[in-house]
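In: Here is a sequence with its predicted model. Questions after.
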Amino acid sequence: MKKIVFIALCALVVSCKREKKESTSITTSLPAITKITHATGFSIEKAAEGFTVITVSSPWPGSEKTFKYALVDKEKMASITLNSEAYDAIVAVPIERLVVTSTTHIPSLEALGVADRLVGFPNTDLISSEYTRKRILDGSVKELGNNESINTEITISLNPEVVIGFGMNNRNKAYETIAHSNIPVVLNGDWTEESPLGKAEWIKFFAPFFQLEAKADSIFNAIENSYQKTKALVAKVKTRPTVLTGGLYKDVWHVAGGKSWMAQFLEDAKADYLYKDDTETGGISLSLEAVLAKSQQADYWLNPSMITSYSEMEKANAHYTQFKAFKNKNIFSNTLAKGSTGGLLYYEMAPMKPDLVLKDLIHIFHPELLPDYEPFFFKPLE
């Protein structure tokens, strides 16, 4: 449960310590080859010599450190000379064996048809995908311990061609050990994106490792089109219900920031998010008293911590019963939909399925528009 709570709270990170990195220059002209329309945390370019450069500018919230990775075709590796100091890692592609470290990476691999190349993952119980769970059970995907302290001995023994990591800062000793063993470590910052389509577009980040750029473009275009069609359902809606998010954790109420991806979902679903004017892209930490003063009369309430029922809410804190949404039974949570081993479907699948998240919210706030729809992520409290 502590691991699940930690993952949920990662989505509400407010800030991280900042670090500066000496800038490195690439002498080769780099015309863009992959158009990025919504994501802001990475770019993909092609060098004149034919290799691909991925730049990750947002590996964690507030980072001033930028990472550059060179992806070189295996058949051309011997004929291309690279300045290793100009890149944080050099990777030979296409990849046949890799390790990823976030459940949000799994749907991208499966959509691209390369999930069979995954050989290791930390906290495998958090994975809900039926396909990948079968591979875990038959031993094809090895357990690597905790993401904060990956078992480097097992990871290195798996001989992956790349490890796709994520971090809260630049101080992961496990990643350093892996990199020193000549296994490239590449950081993925999909979780820092502020918009639903921005998160989904990170499928394009994975594509060059498998030389599947065209396929990734096609998949993302379908996601984008579905999201825009869903958003159009509420184009003429005039009445916006008020919404509160979050709940108490160790006496602190965490609500989604006004510039977070949840706030964008609520805006696109034509809801009046009570904290929409806040400028935080992660989360806001408030007292119970402050939330009561501002949000007691909210029409709807989403994600009251990890609580799953009204009776549990009342036992957790009697003040919860003072909220209008509690009295009217208008509380919904994205922590009720779980995989077979307890992994939260929302944190694994929602970044690649923003259209389903939006449909869930439209069904909740404007049920007349999707009367027969069955919510996938957001379920009413029991």
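Out: All right, it came through fine.
In: Please tell me how far the residue nearest to residue 197 when sequence neighbours are not counted sits from residue 232.
Out: Nearest non-adjacent residue to residue 197, counting by Cβ to Cβ, 6 or more residues apart in numbering: residue 38, 4.0 Å away. All C-beta atoms are positioned from the backbone trio N, CA, C, and that covers glycine. For residue 38, the distance to residue 232 (Cβ to Cβ, to the nearest Å) stands at 17 Å.
In: So the two - more neighbours on which side?
Out: More neighbours surround residue 38 than the other of residue 38 and residue 232, with 17 against 9 (other Cβ atoms under 10 Å).
In: coming back round to it: could you say which helix or strand contains the residue nearest to residue 197?
Out: Assigned by DSSP states H and E, residue 38 falls within no helix or strand.
In: Touching, it and residue 195? I think so.
Out: Yes. Under the contact definition of Cβ atoms under 8 Å, residue 38 touches residue 195, with a separation of 5.8 Å.
In: Look up how far residue 284 lies from the most centrally placed residue in the chain.
Out: Among the residues of the chain, the one closest to the centroid is residue 191, at 3.7 Å (Cα atoms, centre = their mean). Separation of residue 191 from residue 284 (Cβ to Cβ): 18 Å.
In: So what does residue 113 look like in phi/psi?
Out: phi 80, psi 30 (degrees, to the nearest 10).
In: swap that for residue 300, sorry
Out: Phi and psi for residue 300, reported as degrees, to the nearest 10, are phi -130, psi 160.
In: Can we start the residue count at 58 from this point?
Out: I'll keep to 58 as the first residue from here, and by that count the last item is residue 357.
In: Tally up the residues packed near it, please.
Out: Residue 357 has 22 nearby residues by other Cβ under 10 Å.
In: how far does stretch 193-202 stretch from start to finish?
Out: Stretch 193-202 has its terminal residues 14 Å apart, counting by Cα to Cα, to the nearest Å.
In: My error: substitute stretch 342-356 in the last question.
Out: 21 Å.
In: what about that stretch, average pLDDT?
Out: Throughout stretch 342-356, pLDDT has a mean value of 97.
In: Output the lowest mean pLDDT helix or strand found in this structure.
Out: Using mean pLDDT, DSSP states H and E, helix 59-67 stands out as the lowest-scoring helix or strand of the chain, at a mean of 45.
In: just to revisit the earlier point, assign the residue nearest to the centre of the chain to helix, strand or coil.
Out: Look at residue 248: counting by DSSP: H, G, I helix; E, B strand; the rest coil, its state is helix.
In: And the pLDDT at it?
Out: On pLDDT, residue 248 comes in at 92.
In: Tell me the spacing between the residue nearest to residue 254 and residue 126.
Out: 21 Å.
In: How about residue 177?
Out: For residue 177 relative to residue 126 (Cβ to Cβ), the value is 20 Å.
In: just residue 214 next, same as before
Out: Separation of residue 214 from residue 126 (Cβ to Cβ): 24 Å.
In: do residue 221 as well
Out: Separation of residue 221 from residue 126 (Cβ to Cβ) stands at 10 Å.
In: Which strand or helix spans the spatially closest residue to residue 377 that is not a sequence neighbour?
Out: Nearest residue to residue 377 in three dimensions, chain neighbours excluded: residue 370, at 4.6 Å (Cβ to Cβ, 6+ apart). Counting by DSSP H and E, the element that carries residue 370 is helix 367-373.
In: now do residue 419
Out: helix 411-422.
In: phi, psi of residue 136?
Out: Residue torsions, per degrees, to the nearest 10, at residue 136 are phi -100, psi 0.
In: That one: neighbouring residues, count only.
Out: 10.
In: now residue 292
Out: For residue 292, the tally of surrounding residues (other Cβ under 10 Å) stands at 7.
In: List phi and psi for it.
Out: In terms of degrees, to the nearest 10, the main-chain angles of residue 292 are phi -60, psi -40.
In: Look up how far residue 267 lies from it.
Out: Counting by Cβ to Cβ, the gap from residue 292 to residue 267 is 38 Å.
In: do the same with residue 349
Out: Applying Cβ to Cβ to residue 349 and residue 267 gives a distance of 51 Å.
In: Next: residue 175.
Out: Plainly put, residue 175 is 12 Å away from residue 267 if you go by Cβ to Cβ.
In: more crowded one of those two?
Out: Higher neighbour count among residue 175 and residue 267: residue 175, with 24 against 19, using other Cβ under 10 Å.
In: Residue 392 is in contact with residue 366, isn't it?
Out: No. The pair residue 392 / residue 366 is not scored as a contact, 11.6 Å apart, by Cβ under 8 Å.
In: which stretches of the chain have low pLDDT?
Out: 58-90 (pLDDT under 70).
In: Find the residues that touch each one of residue 95 and residue 252.
Out: The contact sets of residue 95 and residue 252 do not overlap (Cβ atoms under 8 Å, 6 or more residues apart in numbering).
In: Just the helices from the protein, written as ranges.
Out: Remark: helices assigned in the chain by DSSP state H are 59-67, 162-169, 187-194, 209-214, 230-237, 253-257, 260-267, 270-289, 318-325, 345-352, 367-373, 381-384, 402-406, 411-422.
In: Relative to residue 302, which of these is closest?
Out: Comparing the helices of the chain by their distance to residue 302 (Cβ to Cβ), the top pick is helix 318-325, with 6.3 Å.
In: and that closest one, C-alpha only, in PDB?
Out: Provided in PDB are the C-alpha atoms of helix 318-325 (Å, rounded to 0.1, in the frame of the first residue of the first chain):
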ATOM      1  CA  TRP A 318      -2.900  17.400 -16.300                       C
ATOM      2  CA  MET A 319      -5.900  16.600 -14.100                       C
ATOM      3  CA  ALA A 320      -6.900  20.200 -14.200                       C
ATOM      4  CA  GLN A 321      -6.600  20.100 -18.000                       C
ATOM      5  CA  PHE A 322      -8.900  17.000 -18.100                       C
ATOM      6  CA  LEU A 323     -11.400  18.800 -15.900                       C
ATOM      7  CA  GLU A 324     -11.300  21.900 -18.200                       C
ATOM      8  CA  ASP A 325     -11.800  19.800 -21.300                       C
END
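In: Having no further points to raise, I will conclude here.
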